[in-house]
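1. sharing a model that was predicted from the sequence below.
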2 protein chains.
Amino acid sequence: MRTLLARPAMFAVALALAASARAEDPLPSWNDGPTKRAVLDFTRRVAEPGGPDFVAPADRIAVFDNDGTLWCEQPMYVQAVFVKDRIRAMAVDHPEWKDLQPFKAVLEGDRRQLADLGEKALVDLVSTTHAGMTTEAFDGLVRDWIGAATHPRFRRPYTRCVYRPMVELLAFLRANGLKTFLVSGGGVEFMRVWAEPAYGVPPEQVIGSAIRTKYELIAGQPALMRLPEVEFIDDKAGKPVGIARAIGRRPIAAFGNSDGDYEMLRYVTAGAGPRLGLIVHHDDAEREYAYDRDAVVGRLARALEEAPERGWVVASMKTDWARIFPEDDAP
Amino acid sequence: MRTLLARPAMFAVALALAASARAEDPLPSWNDGPTKRAVLDFTRRVAEPGGPDFVAPADRIAVFDNDGTLWCEQPMYVQAVFVKDRIRAMAVDHPEWKDLQPFKAVLEGDRRQLADLGEKALVDLVSTTHAGMTTEAFDGLVRDWIGAATHPRFRRPYTRCVYRPMVELLAFLRANGLKTFLVSGGGVEFMRVWAEPAYGVPPEQVIGSAIRTKYELIAGQPALMRLPEVEFIDDKAGKPVGIARAIGRRPIAAFGNSDGDYEMLRYVTAGAGPRLGLIVHHDDAEREYAYDRDAVVGRLARALEEAPERGWVVASMKTDWARIFPEDDAP
């Protein structure tokens, strides 16, 4: 930077070149090809006033899955890492957890045992780590954690394990008047803390799974207390339900990466007029991970199989993406 | 109009005068006085860059109750009229309703009997009229009904029984970067149909009571079926909960008219930084209705009593509003 600033003329030229490249290509991290063309064409068609596929601005709504679609979900969901870290931190005050399931399995890092304990164990863990505090206290816990935790393989904060091509795509859609929403199986209050800086998506455009909250006066001050009760699971057939309850109209574009997004893709792309469904296919073990039909986290089978007949675009991370993460070198 | 157009110079002068009046006064239907000043001052303070009370645009969120705050809720809630009209229309195919409660009471217009039947009767009526169809079919029913129904006293569509001063206020807040939401005990899908044309509030910024929906394939097409089960009641202590689940941050301004808004007003105005709480007081029997402590619909007692100590502004329809409805003569 210092070198560039010492040579203002060259710096200006570099900036101008970068700006011109951006002006020509709103998706510089996508390689040229049919996938990129499909995304560009759809977006321009719906935004072209007077065009045959023009969509009124109010109806230009796009929905994005989060885990595996906008950021890395391997080797385990980021929110699961948060749960594990919270249990370890809380264990200091709970010596009895050493011999008590499901805490024992978490403290010993025994994922097989945890899986054997089933759904009840997960609910117990979420209740313990996500409830019994105000919404503001929970926000603070997530904020502190996400600011400090790092991905075990990529050795950087999880918010830098977002997919650069998708962040470009979110911005490109918004520049063309589409309103972008997250629709994720993850916890809504967990995502809302960092979704705006990471993706430019404000809290009120984040839809996710939720636990109940209750209005209470705490020391005379109104607050919302988080209760250990699941209110809503925003996954699979729950995704269209979550869209209907929060947005109230059918989006025109949906982006996912797993069978958890199948119903959302179907619901969105079955509407009248121009529609876009896109699946991020994890086929790049070298730069990220490669998984689909046999995955435990992010299983993709039915949606991939039906993609051709339903007109869903499959984006190959390996061939369609010039880079994966924000810090990756320019192509 | 023809006369004016025949005199272009005079027409231009009239337009310029009107524009200049608007530029000076964004709330022309509010009489000058402390209420209007409080609203103007708050809005300008939070939107003034560099000012001591500046609020970042993302945090500039305002929430509005609907019934009695933005439109007329007397002599009965508009949605209750919709229920009554639906029951009457459906009764053609249900001759047994003549002798079956709660339908009998509705068909006979017996409000006392209906009140005696209690909450279960209301749930039955809502289930019968609001469920058992897709979200799109329900939208169509509401759209048709609201386009045809008229207020029994004012003899105009309900969407013309909105309060002009409040519509001006919504627009003024938005012009100053506030995002406006409805937070109403009314049904969310009922309001979403007409809230955007009436108030400029899009469906995704409407929060309300809701019944459950379920994703289904109907003749092979994905749809959301409305189930006869209450999912959420967005009233009283439910309003802060509804705000938290849909918006995910605490608004800075709240507008209501009844004790159903008490918890919302407390939650919103207890936050740090500049806050505005405002209560619309129905004290104008001549131009609208006069009611508060003893009302069946829209009871206002506790919130009115505590307004001074909590710093909530009480807007008198009689003295603060120069006109009530959109078609009223200019003051």
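-> Happy to help now that I have it. Everything numeric in this text was worked out from a predicted model, so none of it was measured. Residues are numbered from 1 along each chain as shown, chains lettered A, B, ... in the order given.
2. alpha carbons only for contacts and neighbour counts from here, please
-> Noted.
3. which residues does stretch A:77-86 contact?
-> With contact meaning CA atoms under 8 Å, 6 or more residues apart in numbering or on different chains, stretch A:77-86 is reached by A:67, A:106-107, A:125-126, A:129, A:142, A:145, A:158, A:186-187, A:190, A:297.
4. of the residues you listed, which pair is most distant in space?
-> Spatially, the most separated pair among the contacts of stretch A:77-86 is A:67 and A:107, at 24.2 Å (CA to CA).
5. wasn't residue A:300 part of a strand?
-> No. Using DSSP: H, G, I helix; E, B strand; the rest coil, the assignment for residue A:300 is coil, not a strand.
6. could you list the low-confidence segments of chain A?
-> Scanning chain A for pLDDT under 70 picks out A:1-23.
7. returning to that earlier point: of residue A:67 and residue A:107, which one has the most company?
-> Counted by other CA atoms under 10 Å in any protein chain shown, residue A:67 and residue A:107 do not tie: residue A:67 has more neighbours, with 24 against 17.
8. backbone phi and psi for the more buried one, please?
-> With angles defined as degrees, to the nearest 10, residue A:67 sits at phi -60, psi 120.
9. which one of the contacts of stretch A:77-86 is nearest to residue A:237?
-> Of all those, residue A:186 has the smallest distance to residue A:237: 14.6 Å, by CA to CA.
10. give the helix, strand or coil label for whichever residue of the stretch 1-150 of chain A sits closest to chain B.
-> Closest contact between the stretch 1-150 of chain A and chain B, by CA to the nearest CA, is at residue A:58 (7.6 Å). Of the three states, residue A:58 takes helix according to three-state DSSP.
11. how about the helices in the stretch 51-200 of chain A?
-> A:78-90, A:103-107, A:111-130, A:135-148, A:164-175, A:188-192, A:195-199 (DSSP state H, counting those that start in this stretch).
12. distance from the first one to the middle of the chain?
-> Averaged C-alpha coordinates place helix A:78-90 at 19 Å from its chain's average position (CA atoms, centre = their mean, to the nearest Å).
13. what parts of chain A come near chain B?
-> A:58, A:189, A:192, A:202-205, A:210, A:213-215, A:221-224, A:237-238, A:240-241, A:244-249, A:266-267, A:270 (CA under 8 Å from any CA of the partner chain).
14. narrow those to those that are buried.
-> If you count burial by 16 or more other CA atoms under 10 Å in any protein chain shown, the buried members of these come out as A:189, A:192, A:202-205, A:210, A:213-215, A:222-224, A:237-238, A:240-241, A:244-249, A:266-267, A:270.
15. now, those that are in helices?
-> Among these, the ones falling in helices (DSSP state H) are A:189, A:192, A:238, A:240, A:241, A:244, A:245, A:246, A:266, A:267.
16. list the contacts for the fourth one?
-> I take that to be residue A:240. By CA under 8 Å, 6+ apart, residue A:240 lies in contact with A:263, A:264, A:267, B:215, B:224.
17. turn the residues you listed into CSV, columns for distance to residue A:314.
-> Formatted as CSV, the contacts of residue A:240 follow (distance: CA to CA, whole Å):
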residue, distance to residue A:314
A:263, 16
A:264, 15
A:267, 17
B:215, 24
B:224, 26
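18. pull the contacting residues for the residue nearest to residue A:208 when sequence neighbours are not counted.
-> Closest residue to residue A:208 apart from its sequence neighbours, by CA to CA, 6 or more residues apart in numbering or on different chains: residue A:188 at 4.2 Å. Residues near residue A:188 by CA under 8 Å, 6+ apart: A:206, A:207, A:208, A:209, A:210.
19. so residue A:151 sits against residue A:162, correct?
-> No. With contacts counted by CA atoms under 8 Å, residue A:151 stays clear of residue A:162, the gap being 11.3 Å.
20. quick one: residue A:286 from residue A:153, how far?
-> Taking CA to CA, to the nearest Å as the measure, residue A:286 falls 12 Å from residue A:153.
21. verify the stated contact: residue A:256 with residue A:280.
-> Yes. Using CA under 8 Å, residue A:256 is in contact with residue A:280, at 6.3 Å.
22. give the residues shared as contacts by those two.
-> A:68, A:69.
23. between those two, who's got more neighbours?
-> Neighbour comparison, residue A:256 and residue A:280: the larger count goes to residue A:256, with 28 against 21 (by other CA under 10 Å).
24. and that one, its phi and psi?
-> Backbone torsions of residue A:256, given as degrees, to the nearest 10, read phi -150, psi -180.
25. so what's it up against?
-> Residues near residue A:256 by CA under 8 Å, 6+ apart: A:64, A:65, A:66, A:68, A:69, A:265, A:278, A:279, A:280.
26. who's more crowded, residue A:151 and residue A:162?
-> The neighbour comparison of residue A:151 against residue A:162 (other CA under 10 Å) goes to residue A:162, with 23 against 18.
27. closest to the centroid, which residue in chain A?
-> Nearest to the geometric centre of chain A sits residue A:66, at 1.7 Å (CA atoms, centre = their mean).
28. nearest spatial neighbour of that residue, skipping sequence neighbours?
-> Closest residue in space to residue A:66, ignoring its immediate chain neighbours: residue A:184 at 5.5 Å, by CA to CA, 6+ apart.
29. how near is that neighbour to chain B?
-> Distance of residue A:184 to chain B, computed by CA to the nearest CA, to the nearest Å: 14 Å.
30. picking up where we left off before, what sits against the residue nearest to the centre of chain A?
-> Contacts for residue A:66 (CA under 8 Å, 6+ apart) come out as A:182, A:183, A:184, A:186, A:256.
31. touching, the second one and residue A:64? I think so.
-> Same thing as residue A:183. Yes. Between residue A:183 and residue A:64 there is a contact at 5.7 Å, judged by CA under 8 Å.
32. of all the helices of the stretch 51-200 of chain A, which lies closest to residue B:198?
-> helix A:164-175 (25.6 Å).
33. what residues does that closest one touch?
-> Residues from elsewhere that reach helix A:164-175 (CA under 8 Å, 6+ apart): A:26-30, A:43, A:69-70, A:179-180, A:199-200, A:321, A:323-326.
34. inside strands: which ones of those residues?
-> Mapping these onto strands (DSSP state E) picks out A:179, A:180.
35. just the buried ones from the contacts of helix A:164-175?
-> The neighbour count (16+ other CA under 10 Å) marks A:26-30, A:43, A:69-70, A:179-180, A:199-200, A:321, A:323-326 as buried among the contacts of helix A:164-175.
36. re the thing from before, ok, the residue of the stretch 1-150 of chain A closest to chain B - contacts?
-> Residue A:58 makes contact with residue B:202, according to CA under 8 Å, 6+ apart.
37. which residues touch stretch A:214-233?
-> Applying CA under 8 Å, 6+ apart, the set of residues contacting stretch A:214-233 is A:123, A:126-128, A:130-135, A:185, A:208-213, B:237-238, B:240-241, B:244, B:266-267, B:270.
38. what's the burial count for residue A:36?
-> 18.
39. same deal with the one 3 residues further on?
-> The burial metric for residue A:39, expressed as a neighbour count using other CA under 10 Å, is 18.
40. what sits against it?
-> By CA under 8 Å, 6+ apart, the neighbours of residue A:39 are residue A:276.
41. just the CA trace of the helix or strand containing it, in PDB.
-> Per DSSP states H and E: residue A:39 is located in helix A:34-47. Provided in PDB are the C-alpha atoms of helix A:34-47 (Å, rounded to 0.1, in the frame of the first residue of the first chain):
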ATOM      1  CA  PRO A  34     -23.500 -21.300 -18.600                       C
ATOM      2  CA  THR A  35     -23.900 -21.000 -14.800                       C
ATOM      3  CA  LYS A  36     -22.700 -17.400 -14.600                       C
ATOM      4  CA  ARG A  37     -24.700 -16.500 -17.800                       C
ATOM      5  CA  ALA A  38     -27.900 -18.000 -16.300                       C
ATOM      6  CA  VAL A  39     -27.500 -15.900 -13.100                       C
ATOM      7  CA  LEU A  40     -26.700 -12.700 -15.100                       C
ATOM      8  CA  ASP A  41     -29.500 -13.200 -17.600                       C
ATOM      9  CA  PHE A  42     -32.100 -13.900 -15.000                       C
ATOM     10  CA  THR A  43     -31.200 -10.900 -12.900                       C
ATOM     11  CA  ARG A  44     -31.100  -8.500 -15.900                       C
ATOM     12  CA  ARG A  45     -34.400  -9.800 -17.300                       C
ATOM     13  CA  VAL A  46     -36.400  -9.300 -14.100                       C
ATOM     14  CA  ALA A  47     -35.000  -5.800 -13.600                       C
END
